[in-house]
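Undergrad: Structure of the sequence below:
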Amino acid sequence: MESFSSLQILIILLVGSLCVDLGRLDVAAHSKNGMGVQPLSKIAIHKAVYSLHDNASITAYPYVLGAKGESSQWITVEIECPNPTEDDWVAVFSPAKFNSSTCPSDDAKQDEPYICSAPIKYKFANDSDAGYTKTGKASLKFQLINQRADFSFALFSGGLSNPKLVAVSNFIKFANPKVPLYPRLSQGKSWDEMTVTWTSGYGITEAMPMVEWGLKGESQTRSPAGTLTFHQNSMCGIPARTVGWRDPGFIHTSFLRDLWPNSMYSYKLGHKLVNGSYIWSKSYSFKSSPYPGQESLQRVVIFGDLGKAERDGSNEFNNYQPGSLNTTDQLIKDLNAIDMVFHIGDITYANGYISQWDQFTSQVEPIASTVPYMIASGNHERDSPGTGSFYDGNDSGGECGVLAETMFYVPAENRAKFWYSTDYGMFHFCIADSEHDWREGSEQYKFIEKCLASADRKKQPWLIFAAHRVLGYSSSYWQSGSYGEPMGRESLQKLWQKYKVDVAFFGHVHNYERTCPIYQNQCVNTERSHYSGTVNGTIHVVVGGGGSHLAEFGPVQTTWSIYKDSDFGFVKLTAFNHSSLLFEYKKSSDGKVYDSFTISRDYRDVLACVHDGCEPITLAP
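TA: Below you'll find the model as predicted:
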C-alpha cells in the first residue's frame, strides 16, 4: 500500500505550472437541446487549494483488484472528516499521483497550488449516508474498471466549484493493469473479414499483439495486430489538451480474413512478451457475416446518442446520460437475436475527458465483443474549431475525431473521413459523416452516390442510409418543426429517390420519430404499417434516444410524421428474405415494441419507375 503524507501532498501540489488558461475550462460542453453537462466539466479542478486536515482521513480497499482476472471490481471508501459539510465530495484519480509534476510548465502566470488532471469520477460524501454532515463519517461504494494505472481517492470540501483538498487515500491497483481488454468487433472491408480492436497497456517494444481464433471447437490460428496510440499534442483543444487528458494506452486491431459465412468463431486477445511468455484475455465468440445476398434471418439494431453512465451512481451531475445503461442492458438481454449494431454518432459524450472512453468500451463490451459494433461520427466526436469540421463548435471538447477514429475501426478508405459502406447479407449500408461536407459536388457526396449506386437490389434489396445529424426530416429539430439540416435534405434527397433508399436513419435529436415514405416534403404512400409493391419514397427515422437527455417535439404538426416518442429506445430491422422486412422500435425501459411496420415487395417493384427516380429511356428499336 502506498499513501501520501501531508508534506508529500504539499510538494506535489506546489510543483510545476500549467500551459493554458484553465479558467476557460468551465465552459461546459452541452448536448444539442441545451440540457446535460459533462459531469467532469463542472469540477473547477484548476482552482483546487491545499487544505489538508490532520484529523481527516480517507481509506480505500481492497488494495489489489482483479486478482482472479476481473476487469472491474467494487471497492469501499471510508471517510472521516472533523468538519463535514453537504458540499464534501470524493474524487477518484487515476493515475494515483494526481500531481503537477506531470503538467506542462510553460505558463508562469498560473497560480499555485493546483491540480492539473481531472478525476475520472466522483461522488458526494453524503450520497450513501444522509447523516454524514452530523457524524463526519461515510462509507461509499465505487466500481472501478481496469484502466492500466493505479487509483487514489481524494476528499474535497467546497463543492465542485471551489474545491479544497482535505485528505488523500492510499493507492489501490489492478493485479495485471496492462492486460488486453474491451474487444470491439467491426465488419472489415469485405464481407468475409472481421476486425477485432482492443485496448492494452503494452506498446510494441514490450509485447507482440495478436488474436488466436478459429471455427468454434476446431484448431485455432493466430493473426497479428497493428498498434496505434495518440498523445496529448494530438488533441485539438480544451479540455482534451489540459485537465481532460489521460494516457489512452495502446489500441490494437487485427484482421480475421477468409471467414466461412454464417459460422461461429471463437477468439481471444494475446500479447507475446519480450521474455517469450504470453498474456491472454478470456475467450469470446462471434458469428461471421452471411454471403452478400444470402437469404437467411438477419437482424440489425440501430440507434444514436448513447453515452455512458456509471453503475455505481457516480458522475451523475444532473443525471447526464439517464437512459444509457437501460439501452445497453436491453441490447445485452436481446443479444442472441442481434447480428449487427450501428451506433450512429455521439458515442461516449466524453467531450474531451479521455478516461471516459475506457468507461464506455467497458460498458458495451458484452455487445461489441459478440457482434460487429459499427459507429458513425457525430458532433461530440468530431467538432473542434479550426480543424476542418463542417460545424465550427467544440462539441468534442478538443478530441477532433482522434478518439473515435482510433478506438473503433470502420471500413472507411480514410478513417479521418468517417464515411463508409458495408454489407450484411441482404442489407447494403451507406454510412455518411454529417460532420464533413456532404453537399452536392463534395468528396463525400460523390462517395454517397457511388455507395447507393453499387447496391445490387436483386441480391441486396434492403438499402439503408445513416448519418448522425438529421439530414432529412424531424419535427423537433431546434424546436422549429418540419425539417432537419435544410442543406442536407436539399442535396441528398435526389440520391435517396434515384436509388430508392428504403430507410434513412439519423440521431442527434434525442427522441424517436418515423415518417411516411416521403419525397420533397410530401407523403408518397398512404399506408402506415405495411408497405408493398413499388417504392415511391424513403422512410426517414430519427432514433437519437439511445441514452442522452431527451428532446421535446416542436410546435409544428407535420403531415408526414407517423409516430413520435420522446423516450429512450432503439430500432431493430429483421430481414426474413428478399421480399419481407420487419421494422420495430423498442423502448429501452422494457424492450417492448411500440412502433412497427413491414415492407413486402419483389425485385420488379424495386425496378419500377418512380418520380425523379427513373432511368432515361428512348424509343430506339
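Undergrad: rest of the way, CA atoms for contacts and neighbours
TA: OK.
Undergrad: Just give me the longest helix of this structure.
TA: helix 486-498 (DSSP state H).
Undergrad: what's downstream of it, the next helix or strand?
TA: strand 503-506 (DSSP states H and E).
Undergrad: Need the CA coordinates for that following strand. PDB is fine.
TA: C-alpha atoms of strand 503-506 as PDB (Å, rounded to 0.1, in the frame of the first residue of the first chain):
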ATOM      1  CA  VAL A 503     -34.900   3.800 -44.800                       C
ATOM      2  CA  ALA A 504     -32.700   6.800 -43.800                       C
ATOM      3  CA  PHE A 505     -31.700   6.800 -40.100                       C
ATOM      4  CA  PHE A 506     -30.500   9.800 -38.100                       C
END
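Undergrad: re the thing from before, list the buried residues of the longest helix of the chain.
TA: Buried residues in helix 486-498, defined by neighbour count with 16 or more other C-alpha atoms under 10 Å: 488-489, 491-498.
Undergrad: Save these as CSV, and put in pLDDT too.
TA: Listed next are the buried residues of helix 486-498 as CSV, based on pLDDT from 0 to 100:
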residue, pLDDT
Gly488, 83
Arg489, 85
Ser491, 88
Leu492, 95
Gln493, 93
Lys494, 94
Leu495, 96
Trp496, 96
Gln497, 96
Lys498, 96
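Undergrad: between the residues you listed, which is nearest Ser369?
TA: For those, the residue nearest Ser369 by C-alpha to C-alpha is Trp496; the value is 32.9 Å.
Undergrad: In a strand, Ser421, correct?
TA: Yes - checked against DSSP: H, G, I helix; E, B strand; the rest coil, Ser421 lies within a strand.
Undergrad: ok, back up a step: which residues does the longest helix of the chain contact?
TA: Applying C-alpha atoms under 8 Å, 6 or more residues apart in numbering, the contact partners of helix 486-498 are 438-440, 449, 452, 470-473, 519-520, 536-538, 612-614.
Undergrad: If we use 6 Å, what do you get?
TA: By C-alpha atoms under 6 Å, 6 or more residues apart in numbering, the residues outside helix 486-498 that reach it are 439-440, 471-472, 613.
Undergrad: Taking the buried residues of helix 486-498 together, which two end up most distant?
TA: Among the buried residues of helix 486-498, Gly488 and Lys498 lie farthest apart (C-alpha to C-alpha), at 15.8 Å.
Undergrad: so what's Phe576 closest to, chain neighbours aside?
TA: Leu297 (5.0 Å; C-alpha to C-alpha, 6 or more residues apart in numbering).
Undergrad: Confirm for me that that neighbour is in contact with Thr574.
TA: No - the pair Leu297 / Thr574 is not scored as a contact, 7.1 Å apart, by C-alpha atoms under 6 Å.
Undergrad: Local confidence estimate at the residue nearest the centre of the chain?
TA: Nearest to the mean C-alpha position of the chain, by C-alpha atoms, centre = their mean, lies Ile347 at 2.2 Å. We have a pLDDT of 97 for Ile347.
Undergrad: Now do the contacts for it.
TA: By C-alpha under 6 Å, 6+ apart, the contact set of Ile347 is 306-307.
Undergrad: For it, what are phi and psi?
TA: phi -80, psi -70 (degrees, to the nearest 10).
Undergrad: Same question for Glu443.
TA: phi -60, psi -40.
Undergrad: which residue packs closest to it, ignoring adjacent ones?
TA: Asp437 is the one closest to Glu443 (C-alpha to C-alpha, 6+ apart), at 7.8 Å.
Undergrad: mind checking the SS state of the one you found?
TA: At Asp437, secondary structure determined by three-state DSSP is coil.
Undergrad: count of residues packed around it?
TA: 18 (other C-alpha atoms under 10 Å).
Undergrad: Distance check, it against Gly388.
TA: To Gly388, Asp437 is 9 Å away according to C-alpha to C-alpha, to the nearest Å.
Undergrad: And Tyr132, by the same measure?
TA: Counting by C-alpha to C-alpha, the gap from Tyr132 to Gly388 is 50 Å.
Undergrad: okay, those two: which has more neighbours?
TA: It is Tyr132, of Tyr132 and Gly388, that has more neighbours when counted by other C-alpha under 10 Å, with 21 against 14.
Undergrad: Next, the more buried one: phi, psi?
TA: The phi/psi pair for Tyr132 (degrees, to the nearest 10) is phi -60, psi -40.
Undergrad: Phe360 too?
TA: phi -70, psi -50.
Undergrad: Check the one 10 residues further on too.
TA: When read as degrees, to the nearest 10, the backbone of Thr370 gives phi -110, psi -40.
Undergrad: What count of nearby residues applies to it?
TA: For Thr370, using other C-alpha under 10 Å, the count is 23.
Undergrad: Look at it and report its pLDDT.
TA: Reading off the model, Thr370 has pLDDT 98.
Undergrad: which residue sits closest to it, ignoring its sequence neighbours?
TA: Nearest residue to Thr370, sequence neighbours excluded (C-alpha to C-alpha, 6+ apart): Phe286, at 4.9 Å.
Undergrad: Next, that neighbour: secondary structure please.
TA: With three-state DSSP as the basis, the three-state label of Phe286 is strand.
Undergrad: can you pull up the bridge partners for it?
TA: Legend: beta-bridge partners of Phe286 under DSSP bridges are Tyr265.
Undergrad: again with Trp213
TA: Beta-bridge partners, per DSSP bridges, of Trp213: Thr221, Tyr267.
Undergrad: And it, how far from Arg257?
TA: For Trp213 relative to Arg257 (C-alpha to C-alpha), the value is 11 Å.
Undergrad: In terms of neighbours, single out the busier of these two.
TA: Trp213 (21 against 14).
Undergrad: got a pLDDT number for that one?
TA: pLDDT, read off for Trp213, is 98.
Undergrad: residues in contact with it?
TA: Taking C-alpha under 6 Å, 6+ apart as the test, what Trp213 contacts is 220-221, 266-267.
Undergrad: how about the strands in the stretch 151-300 of the chain?
TA: Using DSSP state E, counting those that start in this stretch, the strands of the stretch 151-300 of the chain run over 152-157, 164-168, 173-174, 181-187, 194-200, 207-215, 221-228, 250-256, 264-273, 278-280, 284-287, 298-303.
Undergrad: thought Pro163 was touching His46?
TA: No - between Pro163 and His46 there is no contact under C-alpha under 6 Å: 9.0 Å.
Undergrad: moving C-terminal of the helix or strand of the chain with the lowest mean pLDDT, what's the next helix or strand?
TA: One helix or strand of the chain scores below all others by mean pLDDT, DSSP states H and E: helix 6-13, with a mean of 39. Moving toward the C-terminus from helix 6-13, the next helix or strand (DSSP H and E) is strand 49-50.
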